[in-house]
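1. only geometry, no sequence info:
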C-alpha cells in the first residue's frame with residue numbers, strides 16, 4: 001500500500017476531488033479505501049457499465065452520461081477497468097458530436113468553427129487515426145486562398161505576433177503517415193513550404209537561431225505576460241513552446257521534401273531545425289532548476305523568464321529537443337499540482353484562472369507522452385488520473401479547470417465536448433497504452449502500461465490503411481516480450497503499411513519493473529507582482545511589492561545587484577529592470593525597461609503623419625546622419641486602430657533596409673479598435689552604423705502580407721534610434 005494522488009479513479013471505478021492527498025490504494029489487490037475518505041459534498045463518479053457513468057459532482061445539470069450514438073465503426077476497447085472503458089466510449093461519442101455537416105471539426109460545444117492550433121493538436125493526439133477525412137477537410141479550412149497556413153485571430157492582430165501556426169505542418173505529416181496519401185503529401189508540402197518561407201523571413205532571429213512570437217496556445221496576453229508588454233514586445237520575445245513547434249515543423253518539411261525528392265530543401269530545413277534545437281538548449285535551459293524557462297523578453301536586452309510552461313516542456317521532450325538525461329530531469333522536476341501540471345508555474349497574481357492557475361487536459365496528455373518517452377511510471381500514472389478524473393466527474397471532456405481546485409467552475413471561459421480534450425483522452429489508449437506510432441511505411445507499437453494498470457486489454461476493429469486489426473495485449477511495462485501477427489512471431493513490434501485484410505495481433509509485455517523515478521508534488525504558488533520602476537536623476541526607485549523579501553536589479557539584461565530596499569543608483573547609458581523575489585525565491589516578472597540617458601534621438605519620418613497602407617506609401621525613404629560608430633536599436637512611433645489588442649488579424653508589417661541592405665522586419669500591431677489616438681513603438685531592429693549619412697527604407701513586400709489579406713496599415717510619425725554601448729550578446 002502506498003500514498004498516491006487521485007489515482008483512485010482507475011480503481012473500483014470511483015473518483016473524488018480534493019481528497020486525493022488522503023487516497024490509499026493497494027497496488028497488488030487494487031483495493032481502494034475511498035468511500036470513507038471522500039469529504040462531504042466533494043462528489044464522486046462511477047461506471048454503471050461501459051456505456052453509463054454516474055457522477056455526484058455538485059453543480060452538474062445532469063448526473064449521468066449514457067451512450068446515445070452508434071460508435072461501432074470505431075475501435076472497441078475493453079480492459080479490466082470499467083470506468084476508463086466508459087470514458088473511452090464517451091470520448092468517441094463526443095468526437096462524433098464534434099463533426100459539423102460540412103465534414104469539419106467543431107472546436108468545442110461553445111466554440112464554433114475550425115481553429116488552426118486546436119485542430120492540429122487534436123489531429124496529432126488521435127484524430128488523424130480516427131477521422132482522417134474530417135481531419136483533412138479541417139486542415140484545408142485553415143489554408144488561405146494564397147495557399148498559406150492561417151494564423152487564427154490573436155494578440156495585436158494575429159501573425160506574426162502570434163506565430164505557432166506551423167503546428168499545422170506537424171499535423172499534416174501525421175495525417176500522411178496514417179493514410180499514405182501521396183496527393184495529400186504533395187498538397188501539404190506546398191502549403192508548408194510557402195508558409196515556412198514567410199516565417200523564416202519574418203520570425204527567425206539569425207543571432208540566436210530562435211523564433212520570435214507569442215506562446216503556442218497561451219494566446220491571452222495578460223494570462224501569460226507582464227502587463228507592461230505590448231504586442232510589439234510579444235512579437236520580439238522568444239517562447240519555448242513556439243520554438244518547439246517550429247523545430248518540429250522544419251523537421252517535418254525536411255521529411256516531406258526527402259520523400260518528394262527535394263534533397264536541397266530537406267537539407268536546408270534540417271539545418272534550420274538543428275539551429276532551433278541548439279538555441280533552445282542554449283538560451284532556455286536553467287541548469288540549477290532542471291527545466292526550461294518560458295520565454296526570453298525585455299525589448300532590447302532579453303532575459304529568460306524562469307516560469308515553467310507545461311506544453312512547451314512536453315513538446316521539447318516529445319520532439320527530441322531535450323537530450324535524454326535532460327528530458328528525464330525535466331519530467332522528474334516538473335511542478336505537479338493536486339490536479340495536474342499547470343499551464344504555467346508559478347501563477348501570476350491577480351489574474352483569474354484560464355491559462356493562469358489552470359490545467360488543460362490536452363496539455364496534460366502531451367505531458368503524459370513526455371512521461372511515456374522518459375519511462376517515468378509514477379508521473380504517467382498521475383497524468384492518466386488527471387485526464388480521466390475531470391472527464392468522469394464532469395461527464396464531458398472540458399476545455400480546462402482551475403489548477404488549485406480541480407473544478408471547471410471559476411475559469412474565465414470553458415466548453416464541454418472540447419475537441420482537443422477528447423482527442424487527448426482517446427490518445428491514452430492508442431498512443432500510450434498500446435503505443436501506436438505511425439511511420440510513413442509502418443505502424444510501430446511501443447506500449448507503456450504502468451504496473452498498476454496491468455491486465456489483458458483488447459482493441460478490436462482498428463483500421464490501418466487496407467488492414468483491419470484486432471489487438472490483444474497483456475502484461476505491463478514498456479518492453480515487448482513477444483509480438484505475434486496471426487499467431488506468427490515477428491522480429492519487431494510493427495506491421496507494414498502494405499498489410500491488407502483482417503488480422504490479429506497479440507502483444508505480450510515483459511512485465512519488467514521500470515527504474516523508479518521521482519515526481520515533484522508542488523503546492524499552489526503565486527509570484528509577487530512585477531515592480532513598477534521610475535527614473536529620477538541617477539536613481540531608480542519602485543514601490544514596495546507585497547510579499548517581496550528582496551529585489552534583483554538587472555542592467556542591460558544581466559543581474560548586477562540585490563537589495564532589500566526600493567531604490568538604487570544607476571549608471572548612464574543603460575537599460576534597467578527590477579524583479580521582486582519572495583522568501584522562497586519565487587520571482588516576479590521583470591519591470592518595464594527603463595532607459596538611463598542613452599545616446600538616442602528621434603526624427604520625423606516626413607512632414608506630419610504618414611499613412612502606411614497597401615496602396616499608399618508602399619516605400620518610404622528616410623535620410624539621416626549618424627555621428628557615432630556602433631550598434632543602434634531602431635523603432636518607429638506608430639498607431640494602429642484597426643482592431644483591439646487581443647483579437648482580429650490586422651497587424652501591420654513592413655520590411656526595413658538600411659543603405660540598400662536588409663535589416664529585418666518590423667511589426668506595427670493593433671492598439672485598439674477605431675482608436676488611432678493610441679501611440680506606441682513598433683518592434684525594433686539592431687543596426688550597425690558607421691558615422692555619416694544613411695538612408696532607411698520602410699517598404700511593403702510580398703512577405704509582409706498579414707492574415708487579413710486586405711487591411712495592412714498603420715500611421716507613423718517618427719523614427720527612434722538608440723545607441724547601444726553594450727549590444728545584446730548571447731549569455
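-> Great, that's in hand. For clarity, every value in this text was computed on a predicted model and none was experimentally measured.
2. quick one: contacts for residue 625?
-> 692-694 (Cβ atoms under 8 Å, 6 or more residues apart in numbering). All C-beta spots, glycine's among them, are computed from the backbone N, C-alpha and C.
3. quick one, phi/psi of it?
-> Backbone geometry at residue 625, expressed as degrees, to the nearest 10, gives phi -130, psi 130.
4. what pLDDT does it get?
-> Residue 625 is assigned 91 on the pLDDT scale.
5. now swap in residue 266 and tell me
-> For residue 266, the model assigns a pLDDT of 98.
6. circling back to that earlier point, got a PyMOL select line for the buried ones in the contacts of residue 625?
-> Burial among these is assessed by 16 or more other Cβ atoms under 10 Å; the matching PyMOL selection reads:
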select buried, resi 694
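7. which non-adjacent residue is nearest residue 247?
-> residue 276 (4.3 Å; Cβ to Cβ, 6 or more residues apart in numbering).
8. doesn't residue 249 make contact with the one you found?
-> No - with contacts counted by Cβ atoms under 8 Å, residue 276 stays clear of residue 249, the gap being 9.6 Å.
9. between these two, which has more neighbouring residues?
-> residue 249 (31 against 24; other Cβ atoms under 10 Å).
10. SS state for that one?
-> helix (DSSP: H, G, I helix; E, B strand; the rest coil).
11. returning to that earlier point: let's have the contacts of residue 625 in JSON lines, adding pLDDT.
-> Shown next, in JSON lines, are the contacts of residue 625 (pLDDT from 0 to 100):
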{"residue": "692", "pLDDT": "95"}
{"residue": "693", "pLDDT": "96"}
{"residue": "694", "pLDDT": "96"}
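12. just curious, which of the contacts of residue 625 is nearest to residue 245?
-> The nearest member of those to residue 245, counting by Cβ to Cβ, is residue 694 at 37.0 Å.
13. can you pull the contacts of that closest one?
-> Residue 694 touches 623-626, 658-659, counting by Cβ under 8 Å, 6+ apart.
14. in what helix or strand does it lie?
-> Assigned by DSSP states H and E, residue 694 belongs to strand 692-699.
15. strands paired with that strand, and their directions?
-> strand 619-626 (antiparallel), strand 652-658 (antiparallel) (DSSP bridges).
16. now the longest one: buried residues?
-> If I follow you right, that is strand 619-626. 620, 622, 626.
17. beyond the lowest-mean-pLDDT helix or strand in the chain, next helix or strand please.
-> Within the chain, no helix or strand scores below strand 24-25, which has a mean of 25 by mean pLDDT, DSSP states H and E. Per DSSP H and E, the first helix or strand lying C-terminal to strand 24-25 is strand 45-49.
18. quick check: residue 665 is in a helix.
-> No - assigned with three-state DSSP, residue 665 falls outside any helix and is strand.
19. residues contacting it?
-> Applying Cβ under 8 Å, 6+ apart, the residues contacting residue 665 are 160, 201-202, 653-656, 703-704.
20. recalculate using a threshold of 6 Å.
-> Each residue near residue 665 by Cβ atoms under 6 Å, 6 or more residues apart in numbering is listed here: 202, 655.
21. which residues does it bridge with?
-> Bridge pairing for residue 665 - DSSP bridges - gives residue 655.
22. distance of it relative to residue 542?
-> 34 Å (Cβ to Cβ, to the nearest Å).
23. next one: the nearest residue to residue 348 once chain neighbours are set aside from residue 111, what distance?
-> Distances taken as Cβ to Cβ, 6+ apart place residue 356 nearest to residue 348, at 5.0 Å, with adjacent residues excluded. Counting by Cβ to Cβ, the separation of residue 356 from residue 111 is 20 Å.
24. ok, the two, which is more surrounded?
-> Between residue 356 and residue 111, residue 356 has the larger neighbour count (other Cβ under 10 Å), namely 24 against 16.
25. in a strand, that's where the more buried one is, yeah?
-> No - applying three-state DSSP, one finds residue 356 to be coil, outside a strand.
26. quick one: contacts for it?
-> Counting by Cβ under 6 Å, 6+ apart, the residues that residue 356 touches are 223, 347-348.
27. if you rank those by neighbours, which is first?
-> Result: residue 347 is most packed of the contacts of residue 356 (other Cβ under 10 Å), 24 neighbours.
28. which pLDDT value belongs to that one?
-> So, for residue 347, pLDDT stands at 98.
29. what's the answer for residue 37, then?
-> 31.
30. and stretch 338-356, end to end?
-> With Cα to Cα, to the nearest Å as the measure, stretch 338-356 spans 15 Å from end to end.
31. so which bits of that stretch are buried?
-> Buried positions in stretch 338-356, judged by neighbour count with 16+ other Cβ under 10 Å: 338-349, 351, 353-356.
32. what residues are up against the residue nearest the centre of the chain?
-> Centroid check for the chain by Cα atoms, centre = their mean gives residue 216 as the closest residue, at 3.8 Å. The contact partners of residue 216, taken as Cβ under 6 Å, 6+ apart, are 164, 241-242, 245.
33. and residue 145, how close does it get to residue 423?
-> 28 Å.
34. any idea what the residue lying farthest from the centre of the chain is bridged to?
-> Most distant residue from the mean C-alpha position of the chain: residue 692, 45.7 Å away (Cα atoms, centre = their mean). Beta-bridge partners of residue 692, counted by DSSP bridges, are residue 626.
35. pull up the gap between it and residue 182, please.
-> Relative to residue 182, residue 692 is positioned 57 Å away (Cβ to Cβ).
36. same question, residue 126
-> The value you get for residue 126 to residue 182, if Cβ to Cβ is used, is 23 Å.
37. which of those two has more residues huddled nearby?
-> residue 126 (26 against 11).
38. and that one, that's in a helix?
-> Yes - Residue 126: assigned to a helix according to three-state DSSP.
39. contacts only, for it.
-> By Cβ under 6 Å, 6+ apart, the neighbours of residue 126 are 423, 426-427, 430.
40. which of these sits closest to residue 550?
-> Using Cβ to Cβ, the contacts of residue 126 come closest to residue 550 at residue 427, 43.7 Å.
41. how many neighbouring residues does the closest one have?
-> Count around residue 427 with other Cβ under 10 Å applied: 26.
42. what about it, which SS state?
-> Residue 427 ends up helix, using three-state DSSP.
43. need the pLDDT of it.
-> 98.
44. likewise for the one 3 residues further on?
-> The predicted structure scores residue 430 at 98 on the pLDDT scale.
45. need the pLDDT of residue 362.
-> The model's pLDDT for residue 362 equals 98.
46. now do residue 248
-> 98.
47. over to residue 724?
-> Model confidence at residue 724, expressed as pLDDT, equals 88.
48. contacting residues for it?
-> Here residue 724 is in contact with residue 631 (criterion: Cβ under 6 Å, 6+ apart).
49. swap in 10 Å and give it another go.
-> 300-301, 556, 573-575, 598-600, 630-633, 686-688 (Cβ atoms under 10 Å, 6 or more residues apart in numbering).
50. can you select the buried ones from those in ChimeraX?
-> Here is the ChimeraX command that selects the buried residues among the contacts of residue 724 (16+ other Cβ under 10 Å):
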select :300,301,556,573,574,575,631,632,633,686,687
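51. let me know the closest of the contacts of residue 724 to residue 255.
-> Distances from residue 255 to these, taken by Cβ to Cβ, are shortest for residue 686, at 34.0 Å.
52. quick check: the closest one touching residue 666?
-> No - with contacts counted by Cβ atoms under 10 Å, residue 686 stays clear of residue 666, the gap being 11.9 Å.
53. anything in contact with each of these two?
-> residue 634.
54. where do the helices of the protein begin and end?
-> Applying DSSP state H to the chain gives helices spanning 82-97, 116-122, 128-130, 132-141, 167-179, 182-202, 231-236, 240-259, 263-283, 310-318, 324-333, 361-373, 377-394, 419-427.
55. out of these, which gets nearest to residue 581?
-> helix 324-333 (19.8 Å).
56. brilliant, that's me finished.
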